[in-house]
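> coords below, sequence missing:
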Ligand SMILES: Nc1ncnc2c1ncn2[C@@H]1O[C@H](COP(=O)(O)OP(=O)(O)OP(=O)(O)O)[C@@H](O)[C@H]1O
Ligand SMILES: Cc1cn([C@H]2C[C@H](O)[C@@H](COP(=O)(O)O)O2)c(=O)[nH]c1=O
């Protein structure tokens, strides 16, 4: 059995993460991996219920952070840890970097409190704090993301935030990436879809997560 691999996708709303999830899942499956595709907030019935509240209800940043980590804890216990223990590949649309970027940098909530919540939700394991092995960070200017999202769908609570909010979130992601350069892979998400895909494939091959020479 191969080792479990925890791969996350991050970036501001509209950066283009979801556009590549189907192809990534298909490619990993074609290479013989069992893929558990999931998302945050969400991934379990309880966490999906909390997602609905987090994305639609106005609330203060501490309440939002507590709900995000409650959803995450359930997701970790019910889905992520069992999948990694089986040797599966967990392909997760957002994880804790989003909390530091959105609740921390975006909303201005205390990063030290977020770190404590992170320890509670992701700690308590013999191997230490649960973290993704690889994080693909879709880096895109907030103005471009807003243009892409305009008219694409009905905005949720976060998508309805002004561009200044997303400038702070983008800086939050840049800080996270700088602090953990081994884990983060920066994807230039301003490029056309095919070129973005090329970057993803090249990066995953370079990190040993994919075998070389597999076409989309
Ligand atoms: N490289 C690209 N060039 C132009 N438009 C793109 C590109 N990638 C995605 N899009 C479009 O941008 C919009 C946002 O893409 P997508 O839903 O994949 O972003 P996302 O990062 O998953 O957003 P969210 O986190 O808010 O769900 C969609 O309308 C999509 O078709
Ligand atoms: C995990 C996580 C997410 N968010 C925000 C970021 C997005 O605006 C939404 C999720 O929507 P998506 O279309 O699935 O990307 O939730 C957050 O604020 N904090 C988090 O920890």
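Looks like it arrived, so ask away. Here the structure is a predicted model, which is why all the values come from computation and not from measurement. Ligands and ions are numbered 1, 2, ... in the order given.

> Residue 83 - nearest residue in space that isn't next to it in sequence?
Taking Cβ to Cβ, 6 or more residues apart in numbering, and ignoring the residues beside it in sequence, residue 83 has residue 36 as its nearest neighbour in space, at 4.3 Å. For glycine as for every other residue, the C-beta is placed from the backbone atoms N, C-alpha and C.

> Report how many residues lie close to the one you found.
The burial metric for residue 36, expressed as a neighbour count using other Cβ atoms under 10 Å, is 20.

> got it, and residue 79?
For residue 79, the count of nearby residues is 19 (other Cβ under 10 Å).

> quick one: the residue nearest to the spatial centre of the chain and ligand 1, what's the gap?
When Cα atoms, centre = their mean is applied to the chain, the residue found nearest the centroid is residue 94 (1.7 Å). With the distance defined as Cβ to the nearest ligand atom, to the nearest Å, residue 94 ends up 7 Å from ligand 1.

> mind listing what that residue touches?
The contact partners of residue 94, taken as Cβ atoms under 8 Å, 6 or more residues apart in numbering, are 8-10, 17, 39-41.

> got it, and residue 35?
Residue 35 makes contact with 25, 28-29, 88-91 under the criterion Cβ under 8 Å, 6+ apart.

> which residues of this protein score low on pLDDT?
In the predicted model, the chain carries pLDDT under 70 at residues 1-2, 213-216.

> Packing partners of the longest helix belonging to the chain?
Identified as the longest helix of the chain according to DSSP state H is helix 163-179. Where contact means 3 or more Cβ pairs under 8 Å, 6 or more residues apart in numbering; DSSP states H and E, helix 163-179 is packed against strand 5-11, strand 134-139, helix 142-149, strand 184-188.

> What strands flank the second one, and is each parallel or antiparallel?
When you say that, I think you mean strand 134-139. The partner list of strand 134-139 in its sheet, established with DSSP bridges, is strand 5-11 (parallel), strand 184-188 (parallel).

> now the angle from the longest one to helix 142-149?
For strand 5-11 against helix 142-149, the angle by axes from the mean of the first three to the mean of the last three Cα atoms, to 10 degrees is 100 degrees.

> Establish whether strand 5-11 and ligand 2 are in contact.
No - when contact is scored as Cβ under 6 Å from any ligand atom, no part of strand 5-11 falls within range of ligand 2; the minimum is 8.6 Å.

> quick one: that strand to chain centroid distance?
The gap between the average C-alpha position of strand 5-11 and the chain average comes to 5 Å, counting by Cα atoms, centre = their mean, to the nearest Å.
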